[in-house]
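Asks: one predicted model, sequence on top.
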There are 2 protein chains.
Amino acid sequence: MLTDLILNSPLIATTNEAENAPIVLAGVLLSLVVIYLASKIGGELSRSIDLPPVLGELLGGVVVGASALHLVMFSESGAAATDSNIMTILQLINNITPAAVTSIFQSQSEIISMLAELGVIILLFEIGLESDLKELTKVGYQAAVVACIGVAVPFAAGTAGLIWLFHAPVIPAIFAGAALTATSIGITSKVLAELGQLKSAEGQIIVGAAVIDDILGIIVLAVVASLAKTGEIDILNVIYLIVSATAFLVGSILLGKYFNSGFVGIANKLQTRGNLIIPALIFAFLMAFLANAIHLEAILGAFAAGLVLDETDKRKELDEQVKPIADILVPVFFVTVGAKVDLGVLNPLVPENRAGLIIATFLIVVAIIGKIITGWAVFGKPGINRLAVGAGMIPRGEVGLVFAGIGAASGTLDKPLEAAIITMVILTTFLAPPLLRFAFKQPPAEKETLEKANLIS
Amino acid sequence: MLTDLILNSPLIATTNEAENAPIVLAGVLLSLVVIYLASKIGGELSRSIDLPPVLGELLGGVVVGASALHLVMFSESGAAATDSNIMTILQLINNITPAAVTSIFQSQSEIISMLAELGVIILLFEIGLESDLKELTKVGYQAAVVACIGVAVPFAAGTAGLIWLFHAPVIPAIFAGAALTATSIGITSKVLAELGQLKSAEGQIIVGAAVIDDILGIIVLAVVASLAKTGEIDILNVIYLIVSATAFLVGSILLGKYFNSGFVGIANKLQTRGNLIIPALIFAFLMAFLANAIHLEAILGAFAAGLVLDETDKRKELDEQVKPIADILVPVFFVTVGAKVDLGVLNPLVPENRAGLIIATFLIVVAIIGKIITGWAVFGKPGINRLAVGAGMIPRGEVGLVFAGIGAASGTLDKPLEAAIITMVILTTFLAPPLLRFAFKQPPAEKETLEKANLIS
């Protein structure tokens, strides 16, 4: 009892924190070295066989993560300290007590996860900076239609199929259906940027739809998660989420016009180092915080901040300064997404995986078809590359992993269904970049029509 | 019992971590916004009254930290979640259970502390990049003499004074004496860079001496901390630390020459984004990890990495790319140093503070005189600005805070002595930049002599 009291007292906690800090730092540094090596080796190999580097970064993450080398492991994914080979290395170097090992591992994985979160925030900020607001509003209607169909079709088909074909209970089926609605704007945008298609009509529709999709996806997730918890849908919360998300984006874009001249004025007056990047990050992080505070996703705020600052005279200079920051933070995000996934759940030799594999196959088919068809929902753009639009909506990426994570944490999903959702997320994420690349390699005739259509519109 | 079992099971821990993650992210984003605002407002105000921006960044940290606004607070400094106004804001926005509040606060302060650590690592890497190794080796002997005197005099005078004048027990007296030996290379180097004096003879001696001082300081700290724990000095550990620190720096500089051509070759071959900065950071973080692994300080490894890469053809390009990264991480470090300090321990109106204030006054006098005199230890440089060299060695900064933190955690120091050491660290840190600035504003006659001496040497 006395020992418990001493071990749990704040004084001892403080001492341990201070004592463990150098070991946590060592773990973070080693994790970053592994993450950077994985992202660079994966990215370069991927590029050398003419695939987008982001695919190699994800695969690099898979290699160093839970599936293979067990170097970059995460306590929030259910790994123990003993599963992490970086922790084993740290234990070889330092004399760590068993209690300290768990706490060091948790701190380390929490810090790497947070760096990954800051990475996706910077990524969306950069994408916002590179997106042209005027062109995005041009495709607003098309993007909205693509997004709505890309949410409704996979959700309805997935939920109905699971109930009728697989006799799944209603609530888990709805959860799995909801997980099919997400689109990973981060992965899609990076592939589009690598293909030089971010500013094309297709790219603008995909990014616009992915943003709207993200909002719709978050609303669906909030509704389904509350359904799973209480057994009933909280209508007030649904209305609140819809209204706040819309107001946030529209409001920030409208207010942004007044904000811009003030921002440039402040940046010009500042005399110390970081006179441009620090005010820009204050704005981006504040917007991300506000989006988070009204229970939307932080990345939405960062994206809105990028869109607003894109309109300033300082845009080019800011682009240059954000680049190295994105270069060091964004790979942490992609490698982390890959590392958190355990490809072991795909192994068909393990009998327990087979039930999940059949459901997974169904979910993957729905996930791909449900998004591919959205390309044919685009209207008023005759020469548009419809396959590219549909393919761009396929990757579930980090958003899909959020669904899987919350579903698993809430206890709604059984193991096969959880494994099936994760498999769907992995495969759509891995398939989308080559598919998108293939779609943009359509016969030149169609390309020309598209370019003409762009010139006329 | 059952409740305990459930609450402590890994499954529930995972759930809580996942559930709290968005709130931790909100806390980190808001902390970064406050930190950046404090650093920019402080830095610009400081510059406008002709003081180095770093002083304003530190003061900005004091204003938003434990001394005043209680926004940027740290659990490892002994603050509770209820002390943090950012936690109060997060509680207003979210529905957080009391148990979750503590865990969220700990995660948030741990993450900001780690960003500050990465900040000081990047700072030292940048300083290494900007230092010219050939010029540093030119002043090697002078730097070594300055460092040794700057460690020996304050240590001896402080320990002896506390025992004889204040009748302090031997071990706490030795600890306080050891805390007087540190030099904050980070603060000094930034001030020197701002004054354009990093490459002057004085600047090179100060930085070189601060590096050696850091090594000597770490050895002294290790010895004293083991003395405080066991009551006896571990001679083997002392020898190990001395040998490893020397071998590490000399070894990395010698091996660096072979490494450079390979590094440039790799950077030139890479085709994907971040082809220069990512390999550079892999090297810097690996060196920082290695320094940490052999129980030296991580910043020493980053500094050595910067020194090595300084010799490559890519140096200028690398400088440009490291700059924005330093701009966003280094202010986190300076604001954090300021925020962790509670200036309340300086308040002379509180009777308990008076004992500490008298000891603090003694320590400050020893701290300043013990380092000022090192300027007169420089030989063979007739025109050197001796006051500037001495003044450059004064700030204890983060290194001094490490001493105070470890001393407090080990329970060796009583409250007045702990407060006195912290006060000494604050005042030397705050006094050094204006003093250094004043020292470099010596009469032009002496300046000319100095320049001539530089030209001749």
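Replies: Yes, it's here.

Asks: which residue packs closest to A:F438, ignoring adjacent ones?
Replies: In space, and not counting its chain neighbours, A:F438 is closest to A:A391: 7.7 Å by CB to CB, 6 or more residues apart in numbering or on different chains. No exception for glycine: its C-beta is placed from N, CA and C like everyone else's.

Asks: which SSE is the residue of the stretch 301-450 of chain A found nearest chain B in?
Replies: Of all residues in the stretch 301-450 of chain A, A:D327 sits closest to chain B, with a separation of 3.5 Å (CB to the nearest CB). Following DSSP states H and E, one finds A:D327 within helix A:315-340.

Asks: also A:T272?
Replies: Secondary structure (DSSP H and E) places A:T272 outside all helices and strands.

Asks: can you give me phi and psi for it?
Replies: As for A:T272, its main-chain torsions (degrees, to the nearest 10) stand at phi -90, psi 170.

Asks: do A:L236 as well
Replies: phi -60, psi -40.

Asks: ok, now A:P351?
Replies: The phi/psi pair for A:P351 (degrees, to the nearest 10) is phi -60, psi -40.

Asks: OK, contacts around the residue of the stretch 301-450 of chain A closest to chain B?
Replies: Residues in contact with A:D327 (CB atoms under 8 Å, 6 or more residues apart in numbering or on different chains) are B:R273, B:G274, B:I277, B:I278, B:Q321.

Asks: what's the pLDDT at it?
Replies: Looking at A:D327, its pLDDT is 94.

Asks: with adjacent residues omitted, what lies nearest to it?
Replies: Leaving aside its sequence neighbours, A:D327 sits nearest to B:G274 (CB to CB, 6+ apart; 3.5 Å).

Asks: picking that back up, need the three-state assignment for the residue nearest to A:F438.
Replies: Secondary structure for A:A391, judged by DSSP: H, G, I helix; E, B strand; the rest coil, is helix.

Asks: list the contacts of it.
Replies: By CB under 8 Å, 6+ apart, the neighbours of A:A391 are A:K371, A:I372, A:G375, A:A432, A:L435, A:L436, A:F438, A:A439.

Asks: among those, name the buried ones.
Replies: Buried subset of the contacts of A:A391 (neighbour count, 16 or more other CB atoms under 10 Å in any protein chain shown): A:K371, A:I372, A:G375, A:A432, A:L435, A:L436, A:A439.

Asks: return the subset of the contacts of A:A391 lying in helices.
Replies: Of these, the ones assigned to helices by DSSP state H are A:K371, A:I372, A:A432, A:L435, A:L436, A:F438, A:A439.

Asks: so can I have JSON lines of those showing pLDDT?
Replies: Shown next, in JSON lines, are the ones in helices among the contacts of A:A391 (pLDDT from 0 to 100):
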{"residue": "A:K371", "pLDDT": "93"}
{"residue": "A:I372", "pLDDT": "92"}
{"residue": "A:A432", "pLDDT": "84"}
{"residue": "A:L435", "pLDDT": "88"}
{"residue": "A:L436", "pLDDT": "87"}
{"residue": "A:F438", "pLDDT": "89"}
{"residue": "A:A439", "pLDDT": "90"}
